[in-house]
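K.L.:
Show me how the following folds:
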Amino acid sequence: MRRLIAGFVVTIVFVAILLISAGRADYWQAWAYGVISAAMNFCTYVILKRNPQVAAERAKIGEGSKTWDKVLLGLGLLLTLITLVLAGLDCGRFHSGAQLPSGSFVFGAVLTILGAAMFLSAMNENRFFSAAVRIQAERGHSVCSSGLYRIVRHPGYSGMIVGTIGLPLLLASAWSCIPAFLSVLLLIVRTRLEDRTLAEELPGYRGYQQSTPYRLMPGVW
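P.N.:
Model (predicted):
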């Protein structure tokens with residue numbers, strides 16, 4: 001329940017950043033973003049309530065988490081905040097002319113919801129779905145190869161990338177595409193580093209790499 005409340009607080013803060021940056025309360029895309037985020041928070045609560053070990057693992061950065069991943073997590077949060085601020089400024093105070101057509105909202109909403117569904121599915125499937133990259137030896141860490149993990153090795157990151165691409169479209173801001181693009185690159189780097197770490201430190205992962213050759217997108221990478 002604390003995590004659910006914390007998630008809603010974060011959503012409220014993010015929506016506030018959008019509205020304050022825009023300087024207007026009728027920035028309806030910001031409210032739509034808030035509704036989608038709140039729905040994802042509730043779905044996360046339901047999944048974690050059924051998986052208390054995953055909830056405990058994701059509640060904090062566990063011992064043995066990789067330093068490079070902590071840095072990437074911080075950079076990812078910073079880029080998310082920049083994306084929100086730029087979107088608000090673009091669609092509110094500056095009216096820069098770089099706003100996307102209102103029709104882009106539908107496509108962006110679909111991508112955002114699809115990305116969230118992929119992320120939630122991966123979290124529900126993998127009982128070692130951690131907040132930061134680490135080998136959970138104390139829990140008997142093993143390879144997850146079911147669900148979406150049969151298609152790609154990192155479906156959680158795939159979902160995050162899909163959602164990140166959809167966010168500027170959802171918010172109707174072309175300028176926010178820049179930090180969103182950097183966020184996608186950051187997630188690709190994180191995927192590469194995590195995949196290498198698991199191959200080196202997690203028993204059975206090299207065999208999983210051979211049976212499931214793609215990291216993020218079937219037929220591509």
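
K.L.:
So what's the residue count around residue 62?
P.N.:
Under the neighbour criterion other CB atoms under 10 Å, residue 62 is assigned a count of 18. Every C-beta, even on glycine, is put in place using the N, C-alpha and C of the backbone.

K.L.:
Please apply the same query to residue 151.
P.N.:
Residue 151 has 12 neighbouring residues, counting by other CB under 10 Å.

K.L.:
which SSE is the residue nearest the centre of the chain in?
P.N.:
With distances taken as CA atoms, centre = their mean, the chain has residue 160 as the residue nearest its mean C-alpha position (3.5 Å). Assessed by DSSP states H and E, residue 160 sits inside helix 155-171.

K.L.:
Quick one: the helices in the chain, in order.
P.N.:
Taking DSSP state H as the criterion, the chain carries its helices at 2-22, 28-50, 52-58, 67-91, 104-125, 155-171, 177-201, 205-211.

K.L.:
want to try TSV for those helices, with mean pLDDT and distance to residue 144 as columns?
P.N.:
Written out in TSV, the entries for those read as follows (pLDDT from 0 to 100; distance: least, CB to CB, whole Å):
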stretch	mean pLDDT	distance to residue 144
helix 2-22	91	22
helix 28-50	93	15
helix 52-58	85	11
helix 67-91	93	18
helix 104-125	94	6
helix 155-171	95	10
helix 177-201	96	11
helix 205-211	94	9
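
K.L.:
of all the ones you listed, which lies closest to residue 217?
P.N.:
helix 155-171 (6.8 Å; CB to CB).
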